[in-house]
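Peer 1: starting from these lines, generate the structure:
(one chain, ligands or ions: 1)
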Amino acid sequence: MLSVSNLNVSFGGLEALNLNSFELKDKELRVIIGPNGAGKSTFMDVLCGKTEPNGGSALFNGIELIGKSDIEITRMGIGRKFQKPSIFEGLTVFENLMIGLKGKKGFYSSLFFKLTSEQLDRIHEVAERVSLEDELHYSAALLSHGKKQWLEIAIVLLQDPELMLIDEPTAGMSDFEATKTGELLCELAEDSGIIVIEHDMHFVEQIAREKVTVLVHGEVLIEGSFKEVKNNQKVIECYLSSPNSAQTARIRK
Ligand SMILES: Nc1ncnc2c1ncn2[C@@H]1O[C@H](COP(=O)(O)OP(=O)(O)OP(=O)(O)O)[C@@H](O)[C@H]1O
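Peer 2: As a prediction, the model looks like this:
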């Protein structure tokens, strides 16, 4: 599904990403972990067209993503959930989903267009998928932090993405919400590819059914099962038990 080679991003003199190779299979759920500043979000920024790399290639189903705009990339089937929720807090959950509906451009036109019964069904289906069906007419501002993240995931889902890029979904969530989010992502991975960036190791263990990629200084340090990665001495040194780990790897007691 995704084949990346020699991807390089530099900001001024700082090399943020230097990814020789990254491959994702169809419907694979890949977790990327690594210390602060390792280049994880930068990688997602390149894949969704937000950041132009200095060089390299990222083929999505054989089509080059580099050079395409974020809108073109969304149309190609890649959806991104950013770290910070960017929902409209002054609107209801339902209205947020209306705006997120595929093909509707512009804030006001999205709010006032008449929904077809298929579109209405789709909103209900997606709301149910993320356990927000009972809160459709609540103000988004009243949702818990975790539910705001689920609303954001629902908005990405409305685009019917073939590949979802999800940046730190459990940040600020309760353990219960994080576990439910893990279950949700595992379900979603039955229909689409997913790349998740996460620092919560309990959550990573829950969802990492295949490979985990560890990024350090913009490069892949190791790729392997959760167990292999967790027990790798280099990963322990530079991430899991580094002096900065309180700000990075979150290990629940
Ligand atoms: N727009 C930018 N301009 C300048 N430097 C940037 C920019 N975006 C990221 N960087 C730098 O690039 C490096 C990689 O940042 P990035 O956000 O990708 O790391 P990360 O692995 O996602 O970290 P975190 O876990 O803290 O989110 C960091 O040193 C960061 O300061």
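
Peer 1: and the pLDDT for residue 108?
Peer 2: We note a pLDDT of 60 for residue 108 in this prediction.

Peer 1: ah, wrong one, I meant residue 113
Peer 2: If you check residue 113, the pLDDT there is 69.

Peer 1: just the one 4 residues further on next, same as before
Peer 2: You'll see residue 117 listed with a pLDDT of 89.

Peer 1: can you give me the neighbour number for it?
Peer 2: Counted with other C-beta atoms under 10 Å, residues neighbouring residue 117 total 7. All C-beta atoms are positioned from the backbone trio N, CA, C, and that covers glycine.

Peer 1: how near is it to residue 41?
Peer 2: 39 Å (C-beta to C-beta, to the nearest Å).

Peer 1: tell me the SS of the closest residue to residue 190 other than its chain neighbours?
Peer 2: Leaving aside its sequence neighbours, residue 190 sits nearest to residue 27 (C-beta to C-beta, 6 or more residues apart in numbering; 7.0 Å). The three-state label given to residue 27 by DSSP: H, G, I helix; E, B strand; the rest coil is coil.

Peer 1: where does this structure dip in pLDDT?
Peer 2: Applying pLDDT under 70 to the chain flags the ranges 85, 102-113, 242-249, 252-253.

Peer 1: that one against the ligand: which residues are in contact?
Peer 2: Applying C-beta under 6 Å from any ligand atom, we find that the chain lies next to the ligand at 11, 14, 16, 34, 36, 37, 38, 39, 40, 41, 42.

Peer 1: buried only: go through those residues for me.
Peer 2: Buried members of the residues of the chain next to the ligand, scored by 16 or more other C-beta atoms under 10 Å, are 16, 34, 37, 38, 39, 40, 41, 42.

Peer 1: and of those, the nearest to residue 198?
Peer 2: residue 40 (9.3 Å; C-beta to C-beta).

Peer 1: surely that closest one touches residue 198?
Peer 2: No. Counting by C-beta atoms under 8 Å, residue 40 does not reach residue 198; the two are 9.3 Å apart.

Peer 1: got any residues that touch both of these two?
Peer 2: 32, 33 (C-beta atoms under 8 Å, 6 or more residues apart in numbering).

Peer 1: related to what we said a few turns ago, can you name the two of the buried ones among the residues of the chain next to the ligand that are farthest apart?
Peer 2: Top of the distance list for those (C-beta to C-beta): 16 and 34, 12.1 Å.

Peer 1: what's the spacing between stretch 166-183 and its chain's center?
Peer 2: Relative to its parent chain, stretch 166-183 has a centroid offset of 12 Å by C-alpha atoms, centre = their mean, to the nearest Å.

Peer 1: quick one: contacts of it?
Peer 2: 40-41, 44, 80-83, 131, 144-147, 149-150, 153, 156, 185, 194-200, 202-203, 206-207, 252.

Peer 1: can you put the residues of the chain next to the ligand in JSON lines and add secondary structure?
Peer 2: Formatted as JSON lines, these follow (three-state DSSP):
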{"residue": "11", "secondary structure": "strand"}
{"residue": "14", "secondary structure": "strand"}
{"residue": "16", "secondary structure": "strand"}
{"residue": "34", "secondary structure": "coil"}
{"residue": "36", "secondary structure": "coil"}
{"residue": "37", "secondary structure": "coil"}
{"residue": "38", "secondary structure": "coil"}
{"residue": "39", "secondary structure": "coil"}
{"residue": "40", "secondary structure": "helix"}
{"residue": "41", "secondary structure": "helix"}
{"residue": "42", "secondary structure": "helix"}
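
Peer 1: I'm done for today, thanks for sticking with me.
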